[in-house]
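Asker: pasting the sequence and the predicted coordinates here, then a few questions.
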Amino acid sequence: QLQLVESGGGLVQPGGSLRLSCAASGFTLRAHAIGWFRQAPGKEREGVSCISSTDGSTYYTDSVKGRFTISRDDAKNTVYLQMNNLKAEDTGIYSCAVDRRVFRQCHLLISQYDSWGQGTQVTVSS
């Protein structure tokens, strides 16, 4: 059974760091595009970052470029999102998602992904 489980969220002060994990089971993560999305209170879900299964290429939304890094550990079947220099506007529920089709280039489009984790809360506040 395909499953994604996020962890690593929490409360952090502005300028702080967190590393989110997306652990996959039931499938080989490296064969699939994986995306990180977030939803702030009262706002629509938005794409934050993704990693392709074709060539490992990565993409970021403009607001997190230079601060967030997505990576993949194939041995652990896990994707990470390292978040540095966090800002209040980064607050939200962060979810990872998988495109169940194999060997795809990733895009920051919700419609590409068809299985989602339950999400982890990130709160940036002093």
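Answerer: Cool, the structure landed. Residues are numbered from 1 along each chain as shown.
Asker: isn't residue 20 right up against residue 90?
Answerer: No. Under the criterion of CB atoms under 8 Å, residue 20 makes no contact with residue 90, lying 11.2 Å away. For every residue, glycine as well, the C-beta is placed using N, CA and C.
Asker: between these two, which contacts overlap?
Answerer: Shared contacts of residue 20 and residue 90 (CB atoms under 8 Å, 6 or more residues apart in numbering): 83, 122.
Asker: state the three-state secondary structure for the nearest residue to residue 55 once chain neighbours are set aside.
Answerer: Excluding the flanking residues, the one nearest residue 55 by CB to CB, 6 or more residues apart in numbering is residue 105, at 8.0 Å. Secondary structure for residue 105, judged by DSSP: H, G, I helix; E, B strand; the rest coil, is coil.
Asker: name the residues of the helix or strand that residue 24 is a member of that come out as buried.
Answerer: Using DSSP states H and E, residue 24 maps to strand 18-25. Within strand 18-25, the residues that count as buried by 16 or more other CB atoms under 10 Å are 18, 20-24.
Asker: how much space separates the most centrally placed residue in the chain from residue 126?
Answerer: Nearest residue to the geometric centre of the chain (CA atoms, centre = their mean): residue 36, 2.3 Å. Residue 36 is 24 Å from residue 126, where distance means CB to CB, to the nearest Å.
Asker: returning to what we had before: what strands line up against the strand holding residue 24, and which way round?
Answerer: In the sheet, strand 18-25 lines up against strand 3-7 (antiparallel), strand 78-83 (antiparallel) (DSSP bridges).
Asker: most tightly surrounded among those?
Answerer: Here the criterion is mean neighbour count by mean count of other CB atoms under 10 Å, and of these the winner is strand 78-83, at a mean of 22.
Asker: what's that one in contact with?
Answerer: Applying CB under 8 Å, 6+ apart, the contact partners of strand 78-83 are 17-24, 29, 34, 36, 48-49, 51, 64, 67-73, 90, 94, 96, 122.
Asker: next, count neighbours for residue 88.
Answerer: Other residues near residue 88 number 12, with proximity taken as other CB atoms under 10 Å.
Asker: right, I'll leave it there.
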